[in-house]
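Student: Next one to model:
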Amino acid sequence: MIVKCGKTALATLLLLVAGVLCAAPRLAHAAVGPGGLCQAIFNEVAASVGSYKNAITETGFCNEAALLQECASEGGAGIHHAEYQNPEDGTKRMSAKRILVMGVFHGDEPYTAAVPLLWFKRMKRINPRNSWRFVPVVNPSGLRNKTRWTLGGADINRNFPTKDWGRIAKTIARRNPGKGPASEWETRCVLAHLDSFRPDVVVAIHAPYGLLDFDGPLSAKMPFIRMMRPRRLGTFPGSLGRYLWVERRIPVLTVELPEPGRMVPEQDLELLQDWAGTLAQQYRKAAP
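Tutor: Next up, the predicted model:
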């Protein structure tokens, strides 16, 4: 079961509002009780997104946000999501595909929340052919503490339970994979989203290298984005790309925004969203 948040809109992001969750089941997943501070988390986002701030105001995200049980932390800093579901999703026509978009895997990349929020906001003025789920902040404790890692000191993007996870060397502190595969509740939250939403394509937002890294079919033609050129970096043990594309054939687009102060034009980000939607329509995942 998923519960929805009903509190103030992001237009009041600069005001600290403790939004309390109210029960409203939507998908078959484990239930959670009251709790969560969606608005407080996005106050942190608003104070950190820099030049992207205007793009993410008045999105109404917290009014429509929901929380999976696996995404509710004991400290109350839940990992919230919102979605747009195409009416044809789940019908016999199956024309609607599913795209999962996530940001702030690393707390020292706070402005990566801007892309999921901008794309969520855009859903209200277009007629999308696909279903979308947005998770702007995967690592709320890292965001709050202004650190790359989780509260447990792990890098989420090295903590996914890939088959070769045990071969990870822990010599690079910046890529600490954690105590074990999926040892972090943030990682388990992402896994719960993958299980409940069953995406056809996943988009992960990172920073600050200014590139597009695509783990998917080589035949896919990347869009031309001036500030983010295509560059395939490969996958690593415990990474989302290896877990999804290499092991499950689910394409992953990693969007690396440029460093703070170099804002990607909003129209380019919208073009990128359209490309992700087109890829989901064209790509057919092979049966396991």
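Student: got a list of what the closest residue to residue 226 other than its chain neighbours touches?
Tutor: Excluding the flanking residues, the one nearest residue 226 by Cβ to Cβ, 6 or more residues apart in numbering is residue 268, at 6.9 Å. (Glycine included, C-beta is placed from N, CA and C.) Contact analysis of residue 268 by Cβ atoms under 8 Å, 6 or more residues apart in numbering lists 225, 226, 227, 228.
Student: Just list the residues touching the first one, thanks.
Tutor: Residue 225 makes contacts with 212, 264, 268, 271, 272, as judged by Cβ under 8 Å, 6+ apart.
Student: Throw those into JSON lines and include distance to residue 205 and secondary structure, thanks.
Tutor: Listed next are the contacts of residue 225 as JSON lines, based on distance: Cβ to Cβ, whole Å; DSSP: H, G, I helix; E, B strand; the rest coil:
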{"residue": "212", "distance to residue 205": "11", "secondary structure": "strand"}
{"residue": "264", "distance to residue 205": "11", "secondary structure": "coil"}
{"residue": "268", "distance to residue 205": "14", "secondary structure": "helix"}
{"residue": "271", "distance to residue 205": "15", "secondary structure": "helix"}
{"residue": "272", "distance to residue 205": "10", "secondary structure": "helix"}
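Student: between those, which is closest to residue 141?
Tutor: Ranked by distance to residue 141 (Cβ to Cβ), those are led by residue 264 at 26.8 Å.
Student: how near is that closest one to residue 247?
Tutor: Separation of residue 264 from residue 247 (Cβ to Cβ, to the nearest Å): 30 Å.
Student: More neighbours: which of the two?
Tutor: residue 264 (22 against 15; other Cβ atoms under 10 Å).
Student: What's the separation between that one and residue 212?
Tutor: 11 Å.
Student: Ok, residue 245 next?
Tutor: Distance of residue 245 to residue 212, computed by Cβ to Cβ: 14 Å.
Student: Also residue 272?
Tutor: 8 Å.
Student: where do the contact lists of these two overlap?
Tutor: Shared contacts of residue 272 and residue 212, defined by Cβ under 8 Å, 6+ apart, are found at 223, 225, 228, 255.
Student: Assign the last one to helix, strand or coil.
Tutor: Of the three states, residue 255 takes strand under DSSP: H, G, I helix; E, B strand; the rest coil.
Student: So for residue 184, what's the pLDDT?
Tutor: Residue 184 is assigned 95 on the pLDDT scale.
Student: ok, now how distant is it from residue 123?
Tutor: When residue 184 is compared with residue 123 (using Cβ to Cβ), they lie 29 Å apart.
Student: Also residue 135?
Tutor: Using Cβ to Cβ, which is the criterion applied here, residue 135 is 15 Å from residue 123.
Student: Same question for residue 261.
Tutor: Using Cβ to Cβ, we find residue 261 at a distance of 28 Å from residue 123.
Student: Then residue 49?
Tutor: Remark: distance between residue 49 and residue 123 (Cβ to Cβ) = 19 Å.
Student: For the stretch 101-250 of the chain, which residues score under the pLDDT cut-off?
Tutor: Counting by pLDDT under 70, the stretch 101-250 of the chain has low-confidence residues at 167-174.
Student: could you pull out the helices for it?
Tutor: Taking DSSP state H, counting those that start in this stretch as the criterion, the stretch 101-250 of the chain contains helices spanning 114-122, 140-145, 185-197, 240-241, 247-248.
Student: Just the residues contacting the last one, thanks.
Tutor: This points to helix 247-248. Against helix 247-248 from outside (Cβ under 8 Å, 6+ apart): 162, 163.
Student: Ok, the longest one next?
Tutor: By Cβ under 8 Å, 6+ apart, the list of residues contacting helix 185-197 from outside reads 2, 27-29, 68-71, 73, 79, 81, 83, 98, 100, 102, 133, 135, 138-139, 141, 150, 154, 156, 159-161, 178, 182, 202, 240, 244.
Student: Give me the buried subset of those residues.
Tutor: Among the contacts of helix 185-197, those classed as buried by 16 or more other Cβ atoms under 10 Å are 2, 29, 68-71, 73, 79, 81, 83, 98, 100, 102, 133, 135, 138-139, 141, 150, 154, 156, 159-160, 178, 182, 202, 240, 244.
Student: Inside strands: which ones of the contacts of helix 185-197?
Tutor: Applying DSSP state E to the contacts of helix 185-197, the entries found in strands are 2, 68, 83, 98, 100, 102, 133, 135, 202.
Student: mind putting the residues you listed in TSV, distance to residue 146 included?
Tutor: Listed next are the ones in strands among the contacts of helix 185-197 as TSV, based on distance: Cβ to Cβ, whole Å:
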residue	distance to residue 146
2	29
68	26
83	28
98	32
100	26
102	19
133	27
135	20
202	26
